[in-house]
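[1] Quick check, what structure comes out for this input:
(one chain, ligands or ions: 2)
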Amino acid sequence: MRSPSLVIPKTTLTPFLYPSVSKRTGCRLARRHTPLARTPSRRYHSTTTSAPSGNSTDDYNDNTVNYAATAAVPPSSVTAPAPADNPPTDPSAELSSHLNPSPSSYSHMPFTDRCTLTLCAGSGGHGCVSFLREKYVEHGPPNGGDGGSGGSVFIQAVAGETSLHKIARRGAVRAGAGRHGRGKAMGGQRGEDVLLTVPVGTVVREVWRRDPVAEAEEERQSWGGRGSRAGEDGVAEEGSPPPSATTTAKSRYVLYPGTDSLPYNFSESDYAPLLRPRRADPAARAPRAPLRLDLDAPMAAPLLLAPGAAGGLGNPNFVTPRIPRPRFATRGEPGLRIHVRLELKLLADVGLVGAPNAGKSTLLRSLTRSRTRVGGWAFTTLAPSLGTVVLDRHVGRPRLAPDAGGNHQQQQPRTSFSIADIPGLIEDAHLDKGLGHGFLRHVERAAVLAFVLDLGGPDPVAALRLLWREIAAYERARDAELHWETQTRLTAWRPAATAADPPSRDAVRPPRPRERDLPDLAMPPVTSKPWFVVATKADLPGAEANFARLEEYLARVRSGEEGHPSGRPNAWTRRLGAVPVSAIRAEGVERIPEVVVGLLDGEGSLLWYLCMCLKI
Ligand SMILES: Nc1nc2c(ncn2[C@@H]2O[C@H](COP(=O)(O)OP(=O)(O)OP(=O)(O)O)[C@@H](O)[C@H]2O)c(=O)[nH]1
Ligand SMILES: [Mg+2]
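    Numbering: from 1, shown residues only. Ligands and ions are numbered 1, 2, ... in the order given. Down below sits the predicted model:
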């Protein structure tokens, strides 16, 4: 449990976090040794959606990273900003309750990061059999309308969604069926479309699909389009039974009331070939099967996943010189069903990785307005949470960065970055101990990893090695899954046109462009990412010695004397460093945005790096 002695007097600073205050007088960083009491005026009066104005005259707004914090996600977890004309009476009390809250003071958002869904496209409405009836027109021409096509299922990744829990409980997502055609050439209404809105970072993988149109086409091929089954060489097999003409016809056609059979002579030679199964027009825009999408950016328009089935054709479509008044129409095609697995991989700029109880959530609270749960026991955090640090850098020239064509373009300065806090990792998490290592998927796509180590613990170096071991095990499991999926896709892959396929009308036309053609999931090795260490709980006894040991170890890794803690070759070690902080007192945390921006933008926070190397 939390010790009451941790609530410290406002003016006390942990001495070893600021060893060189006197040496660095005049240096910009030295001006940012924030006394505890002053922090809230800057941090908690920022708006939740935009960066602070930056025209404040207080001395924090120098031209280094001057950050204010806000929890962008989830929105309900944001505490209301204090009105400007009614400032809090005791800001330090507010800060201390924010960083050292009671275990029951947290915002709770339901969170689901994996689910399976069955997407059911709407089936098409039946065509209509009808004839014109007017005064003096006893036997009018056919005028049955076509059936409406079924509704489609779309997906769109939108900003602001943070969890899959809303769609996870749906189980099956059904689009509306098309209405049947009616007399007087009235076509049926289209089925209603369904739009699934998912968080940015959702990965969609197909498990299986049932495509009635493909099945009907296959059946048609196997019967050679007529009454006998074709052998492997396409020649009709002797003695194979023809399908029951009436059964087949009834399953495919709508008959005029009172008609028991089609107006054909059901001899084998006269039997009309089955109609080719049709797809509705939107099907041309659907991604190719099997679905494997990575929705890693907000989408401007929905993406079609399961196109609705085509409606049946009304009886005017079957007029021939031999059959001037067809007494049949076709049924609508049944809807496509796709079973998909959705997996959310949060997109954050920085991922916090650490052992349980290391102080990750307190660190997130000290940097942002997140109201994630904090408690003095392991596994307080059971689901990932995100916070956003809003940077207040309105000075300096825009950066120039080369674009794809090699031209240098102006880049606007970064205005914010997001941090993801995940449940703690313990030894053998990859064997599903603790909460397992599945939550690492939420920091896997983070650009920078921050390892949160408890300086009050016995050995932070061993803790760091353990965390990297678990990450390496996670990476191995992920690569094995990727390998298996690639193999499955290659086995399932068929060239677009094979000799067995009938010549299609599409074959002579150039293929229509598809909206999105199965982009591969980008999964760079986690060990190639830049990382740094946040050595927290620096206010505890023994922290200084532990930090010295940690720094020494990191210096050896940086210089190549010691291997990367994951044991992987060619891992990132270039500008490795550690930042000592006391998150509960909000001391030292103001350096973190600077380090993160340096690593994110690759520009290098030269000052910090020099200070770190020279230990000033
Ligand atoms: N002395 C001291 N205690 C801290 C500091 N940061 C966090 N703590 C305490 O450490 C305990 C655990 O903090 P959390 O932030 O919940 O740790 P966590 O890493 O999120 O833990 P899990 O969610 O279980 O993985 C709490 O009692 C905090 O008050 C710090 O800088 N100094
Ligand atoms: Mg936590």
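[2] any low-confidence regions in the stretch 351-500 of the chain?
    Applying pLDDT under 70 to the stretch 351-500 of the chain flags the ranges 393-406, 409-411, 485-500.
[3] Residue 208 - how many residues pack around it?
    By other CB atoms under 10 Å, the residues close to residue 208 number 10. All C-beta spots, glycine's among them, are computed from the backbone N, C-alpha and C.
[4] and it, helix, strand or coil?
    strand (DSSP: H, G, I helix; E, B strand; the rest coil).
[5] Read off the pLDDT value for the residue nearest to it when sequence neighbours are not counted.
    The shortest distance from residue 208 to any non-neighbouring residue, by CB to CB, 6 or more residues apart in numbering, is to residue 339 (5.0 Å). Predicted confidence (pLDDT) for residue 339: 93.
[6] Please tell me how far residue 601 sits from ligand 2.
    Distance, residue 601 to ligand 2, by CB to the ion, to the nearest Å: 28 Å.
[7] Kindly report the same for residue 524.
    Using CB to the ion, residue 524 is found at 27 Å from ligand 2.
[8] Which secondary structure element is home to that residue?
    Residue 524 belongs to no helix or strand when assigned by DSSP states H and E.
[9] Count the neighbours of it for me.
    9.
[10] cool, and residue 138?
    Residue 138, neighbours per other CB under 10 Å, totals 9.
[11] who in the protein is up against ligand 2?
    Residues of the chain found near ligand 2 (CB under 5 Å from the ion) are 361, 380, 381.
[12] most neighbours, which of the residues you listed?
    Neighbour counts for those, by other CB under 10 Å, peak at residue 361, which reaches 29 neighbours.
[13] you'd agree that residue is up against residue 379?
    No - taking contacts as CB atoms under 8 Å, residue 361 lies outside contact range of residue 379: 11.2 Å.
[14] quick check: longest helix of the chain.
    helix 460-492 (DSSP state H).
[15] ok, which stretches of this protein are helices?
    Assigned by DSSP H, the helices in the chain fall at 39-43, 91-99, 165-168, 212-222, 245-252, 360-367, 441-444, 460-492, 505-508, 543-559, 592-601, 606-614.
[16] CA atoms of the third one as PDB?
    This file holds the C-alpha atoms of helix 165-168, laid out as PDB (Å, rounded to 0.1, in the frame of the first residue of the first chain):
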ATOM      1  CA  HIS A 165     -16.300  -3.600 -27.300                       C
ATOM      2  CA  LYS A 166     -19.300  -2.200 -29.100                       C
ATOM      3  CA  ILE A 167     -19.000  -4.400 -32.200                       C
ATOM      4  CA  ALA A 168     -17.600  -7.400 -30.200                       C
END
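[17] just the residues of the chain next to ligand 2 now: which is nearest residue 300?
    residue 381 (34.0 Å; CB to CB).
[18] Which residue is the nearest non-sequential neighbour of the closest one?
    In space, residue 381 is closest to residue 423, 4.9 Å off (CB to CB, 6+ apart).
[19] Run a quick neighbour tally on the nearest residue to residue 210 once chain neighbours are set aside.
    Of all residues not flanking residue 210 in the chain, residue 337 sits nearest, at 4.5 Å (CB to CB, 6+ apart). Counted with other CB under 10 Å, the neighbours of residue 337 add up to 17.
[20] Tell me how far residue 337 lies from ligand 2.
    40 Å.
[21] The longest helix of the chain near ligand 1 at all?
    No - judged by CB under 6 Å from any ligand atom, helix 460-492 stays clear of ligand 1, getting no closer than 11.6 Å.
[22] Buried residues in that helix, which are they?
    460-461, 463-464, 466-475, 478 (16 or more other CB atoms under 10 Å).
[23] which ones are touching the one residue in the stretch 201-350 of the chain that gets nearest to ligand 1?
    Here the stretch 201-350 of the chain gets closest to ligand 1 at one residue, residue 350, 14.9 Å apart by CB to the nearest ligand atom. Contact analysis of residue 350 by CB atoms under 8 Å, 6 or more residues apart in numbering lists 417, 418, 419, 420, 446, 447, 448, 449, 450, 596, 600.
[24] Low-confidence regions, the stretch 1-150 of the chain specifically.
    Filtered on pLDDT under 70, the stretch 1-150 of the chain yields the residue ranges 1-16, 18-96.
[25] Can you tell me the number of residues neighbouring the closest residue to ligand 2 within it?
    Using CB to the ion, the single residue of the stretch 1-150 of the chain nearest to ligand 2 is residue 106, 9.8 Å away. Neighbours of residue 106 under the rule other CB under 10 Å: 19.
[26] Roughly how far does the residue nearest to residue 210 sit from residue 117?
    In this view, residue 337 and residue 117 are 11 Å apart by CB to CB, to the nearest Å.
[27] what do you get for residue 358?
    36 Å.
[28] What of residue 423?
    Using CB to CB, one gets 25 Å for the distance from residue 423 to residue 117.
[29] between the two, who's got more neighbours?
    The residue with more neighbours, out of residue 423 and residue 117, is residue 423; 25 against 22, by other CB under 10 Å.
[30] Correct me if wrong: residue 255 contacts residue 331.
    No - using CB under 8 Å as the test, residue 255 is too far from residue 331 to be in contact (10.3 Å).
[31] Which one's more surrounded, those two?
    Neighbour count, other CB under 10 Å: between residue 255 and residue 331, residue 331 has more, with 20 against 16.
[32] give the contact list for the more buried one.
    Neighbouring residues of residue 331 by CB under 8 Å, 6+ apart: 124, 126, 127, 147, 251, 252, 253, 254, 312.
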